[in-house]
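S.K.: build me a structure from this.
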Amino acid sequence: MADTSNFFKVLGGSLYADDPTYAERDADAELFAALRDGEFCYVLNSRQMGKSSLAVRTIDRLWDEDFDCVYLDLSKLEAKIDPAQWYGNIELELLNALDLEEGDEASLARVSPLVRLSRTIEDVVLPEIDRGLAIFIDEIDSVLGLDFNADDLFAFIRWRCSLKGGKQDGAEVVEPDRASGSAVAGESSASTSPRTSSNTGSFA
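M.R.: From the prediction side, this is the model:
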């Protein structure tokens with residue numbers, strides 16, 4: 001019989017991937033399948049309803065499916081900083097999670113923060129990944145506290161996910177051996193259980 005003595009000591013935050021108190025929902029299977037297929041997904045719900053725990057369990061399952069996974073909690077990033085520092089923090093979190101080094105500092109210093117992040121993903125991260133890649137971005141409502149508009153980040157994520165197997169601006173997009181996907185978690189008062197949606201349709 002499993003030892004349950006420590007199962008009820010989590011106050012806020014996410015449950016462990018193998019926590020037996022976790023209530024599996026339709027969203028578990030839907031999010032896992034969509035990310036495995038390289039889709040861009042949203043997970044929307046109010047606070048303390050299991051979004052982060054869903055991410056933890058999905059990451060655990062994707063690892064078993066030969067995926068590298070990165071979990072970015074935007075609430076852990078400083079808010080009262082300029083765009084270059086904020087995007088730079090995301091870049092460092094991404095590289096550290098994958099145990100990679102920064103690219104050519106001289107060339108990247110001349111571009112905007114979002115282009116720098118984009119080039120890091122294209123030129124540093126993806127060439128080094130020989131498995132699937134799933135990036136989870138949690139606490140996206142924290143961007144509301146920034147002194148600048150971060151909408152371009154999410155537009156870039158949608159754009160990058162839409163390039164699978166296609167062409168953009170005349171340039172061929174070379175896919176890695178496995179699909180890459182992104183999951184974005186945010187707050188919503190419109191539902192009572194996690195709802196996932198991808199750029200190809202919605203899941204009830």
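
S.K.: Ser52: neighbour count?
M.R.: Neighbours of Ser52 under the rule other C-beta atoms under 10 Å: 20. (Glycine included, C-beta is placed from N, CA and C.)

S.K.: Asp73 versus that one, what's the distance?
M.R.: In this view, Ser52 and Asp73 are 8 Å apart by C-beta to C-beta, to the nearest Å.

S.K.: spit out the residues that contact these two alike.
M.R.: By the contact definition C-beta atoms under 8 Å, 6 or more residues apart in numbering, Ser52 and Asp73 are jointly contacted by Asp138.

S.K.: may I have the beta-bridge partners of Gly132?
M.R.: Beta-bridge partners for Gly132, by DSSP bridges, are Phe67.

S.K.: wait, it touches Trp63, no?
M.R.: No: when contacts are counted by C-beta atoms under 8 Å, Gly132 is not listed as touching Trp63 (9.9 Å).

S.K.: which of these two has more neighbours?
M.R.: Using other C-beta under 10 Å as the criterion, Gly132 and Trp63 rank with Gly132 on top: 22 against 15.

S.K.: would you mark the buried spots in stretch 113-127?
M.R.: The neighbour-count check on stretch 113-127 (16 or more other C-beta atoms under 10 Å) flags Pro113, Leu114, Arg116, Leu117, Ser118, Arg119, Thr120, Ile121, Val124, Val125 as buried.

S.K.: which residue ranges of the chain form strands?
M.R.: For the chain, applying DSSP state E gives strands covering 40-45, 67-73, 132-138, 167-168, 171-172, 180-187, 195-198, 201-202.

S.K.: ranking those strands by mean pLDDT, which is last?
M.R.: For these, mean pLDDT drops lowest on strand 201-202, to a mean of 30.

S.K.: the closest residue to Val143 other than its chain neighbours: neighbouring residues, count only.
M.R.: Leaving aside its sequence neighbours, Val143 sits nearest to Ala150 (C-beta to C-beta, 6 or more residues apart in numbering; 4.3 Å). Neighbour count for Ala150, taken as other C-beta under 10 Å: 18.

S.K.: in this structure Ala150 contacts Ala79, no?
M.R.: No: in this structure Ala150 lies outside contact range of Ala79 using C-beta under 8 Å: 10.5 Å.

S.K.: would you mind measuring from Cys69 to Asp151?
M.R.: 25 Å.

S.K.: so between these two, which is more surrounded?
M.R.: Each of Cys69 and Asp151 has its neighbours counted (other C-beta under 10 Å); Cys69 has more, 23 against 9.
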